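> fold the following, please.
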Amino acid sequence: MLPLKNQYRKFPTLFTVAWAILAVAIFLIDLSVPLGVADGMLYVVLVLGGLLVGERRLIIGGGIC
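Residues are numbered from 1 along each chain as shown. Have a look, this model is predicted:
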């Protein structure tokens, strides 16, 4: 299996769309959970995934979410 960074270079649109879908899913989970539950930590997955790929656009996008 190729490293994740090489796979990103092969399919950049696929990774960007997957990150967007993941961000929307996390946001919907965040909306459905009652107040007082610490589910904001799920957004860390977006930032760490961007770091794993090494693509600045995904890191910044995950941080903005």
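> relative to P34, how far out is the residue nearest in space to the middle of the chain?
By Cα atoms, centre = their mean, the chain has its centre lying nearest to L46, at 2.7 Å. For L46, the distance to P34 (Cβ to Cβ, to the nearest Å) stands at 22 Å. Bear in mind the C-beta positions are built from the backbone N, C-alpha and C, glycine included.
> my read is that the residue nearest to the centre of the chain contacts L22, right?
Yes. Using Cβ atoms under 8 Å, L46 makes contact with L22 at a distance of 6.5 Å.
> tally of neighbours for W19?
21 (other Cβ atoms under 10 Å).
> check the offset of the one helix or strand it maps to from the chain's centre.
Secondary structure assigned from DSSP states H and E places W19 in helix 12-32. How far helix 12-32 lies from its chain's middle: 6 Å, per Cα atoms, centre = their mean, to the nearest Å.
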